[in-house]
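K.L.:
Sharing a model that was predicted from the sequence below.
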Amino acid sequence: MANGQKIWMDGRLVDWKDAKVHILTHTLHYGMGVFEGIRCYRREDGRSAVFRLKEHIDRLYDSAHIVEMDIPFSKSELSRALFDTLQANELEEAYIRPLVFLGAGSMGLFPKDNPVRVSVAAWEWGAYLGEEGLKNGIRVKISSYTRHHVNTAMTKAKVVGHYVNSILSKREVSRAGYDEAILLDTEGYISEGSGENIFIVKNGVLKTTTLTSVLQGITRDSVIRIAEDSGFKVVEERFTRDELYIADEVFMTGTAAEITPIREVDNRMIGRGIPGPITQTIQEKFFEVIRGKDSKYKAWLTLVE
């Protein structure tokens with residue numbers, strides 16, 4: 001990432017090298033902050049568009065509300081900040097990271113007057129789990145770490161500190177040679193990946209974990225809509241680890257991961273060990289949608305202007 005790039009901080013664009021915070025920034029010490037991951041795609045007509053911008057901005061503000069942080073900018077101002085960041089960096093396609101955090105001030109677990117600060121960064125980021133994984137599927141392992149309980153951490157908020165759990169699980173399975181981790185909930189059911197929601201396919205029916213204790217994925221919602229519009233039945237309910245093993249197909253969804261097939265879980269081959277036909281259909285349709293090739297979903301794409 002070049003120093004010539006810009007980052008939006010607290011209402012203005014600054015040089016990449018100048019986007020700094022004080023060492024006593026509260027969020028750095030205690031993890032109380034919220035963020036979003038958003039993608040901008042280049043449509044087939046050559047114009048750039050942000051995918052489901054409204055839903056991402058709404059979730060950011062919901063996350064802030066849950067943890068009692070008041071974002072000092074309106075939703076329209078923050079949306080404009082995203083566009084300004086993309087344009088300042090001349091990015092046609094990008095991953096966008098809005099971050100809301102508590103700045104320097106009082107320390108300890110009860111910050112009183114610390115300012116709520118906001119930044120937006122954007123950079124080029126290809127397939128999160130690799131182009132090979134996107135095409136041929138990845139190997140995953142159930143982590144020994146458990147996902148958050150609903151009354152231990154606010155699972156509907158995308159909170160900075162929550163992701164320590166994800167980092168630990170990702171490191172654990174990566175050391176063992178796997179591409180990604182799957183975490184169980186506190187009752188032993190499949191929860192989600194370190195940063196993705198999970199779908200299984202069995203006898204032509206798609207199933208995904210309920211939203212009881214997982215983050216409400218925007219790509220997850222998109223896949224449900226696309227699948228149902230394509231004539232597939234989608235069920236939202238809990239399922240077990242061994243149900244995952246005997247699924248015909250398994251795939252992950254997320255802003256970073258997009259639609260990534262899973263070919264193996266805990267050394268057990270899923271289906272034929274290659275992306276299944278329903279996964280491929282959903283994946284192909286999703287990439288058509290984000291490129292603006294299907295007018296039915298044009299409301300999901302906000303042009304960068």
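P.N.:
Received, thanks.

K.L.:
Now do the helices in the stretch 201-305 of the chain.
P.N.:
Ranges of helices within the stretch 201-305 of the chain are 218-229, 241-245, 277-290, based on DSSP state H, counting those that start in this stretch.

K.L.:
Can you point out the buried residues in the longest one?
P.N.:
Residues of helix 277-290 classed as buried: Ile278, Thr279, Ile282, Gln283, Lys285, Phe286, Val289, Ile290 (neighbour count, 16 or more other Cβ atoms under 10 Å). For every residue, glycine as well, the C-beta is placed using N, CA and C.

K.L.:
hmm, back to that, what's the closest of the helices of the stretch 201-305 of the chain to Leu86?
P.N.:
Closest to Leu86 of the helices of the stretch 201-305 of the chain is helix 277-290 (Cβ to Cβ; 15.5 Å).

K.L.:
Identify all contacting residues around that closest one.
P.N.:
Contact with helix 277-290 is made by 39, 41, 51, 201, 204, 206, 219, 222-223, 226-227, 230, 232, 248-251, 258-259, 261, 275, 294, 297, 300-301, as judged by Cβ atoms under 8 Å, 6 or more residues apart in numbering.

K.L.:
Buried ones from the residues you listed, can you make that a PyMOL selection?
P.N.:
Burial among the contacts of helix 277-290 is assessed by 16+ other Cβ under 10 Å; the matching PyMOL selection reads:
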select buried, resi 39+41+51+201+206+219+222+223+226+227+232+248+249+250+251+258+259+261+275+297+300+301
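
K.L.:
Of the contacts of helix 277-290, which belong to strands?
P.N.:
Taking DSSP state E, the ones among these that sit in strands are Arg39, Tyr41, Phe51, Val201, Leu206, Glu249, Val250, Phe251, Glu258, Ile259, Pro261, Leu301.

K.L.:
Make a markdown table from those residues and add distance to Ser191 to it.
P.N.:
A markdown table is the format used below for those (distance: Cβ to Cβ, whole Å):
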| residue | distance to Ser191 |
| --- | --- |
| Arg39 | 23 |
| Tyr41 | 28 |
| Phe51 | 24 |
| Val201 | 18 |
| Leu206 | 17 |
| Glu249 | 19 |
| Val250 | 14 |
| Phe251 | 16 |
| Glu258 | 20 |
| Ile259 | 19 |
| Pro261 | 19 |
| Leu301 | 30 |
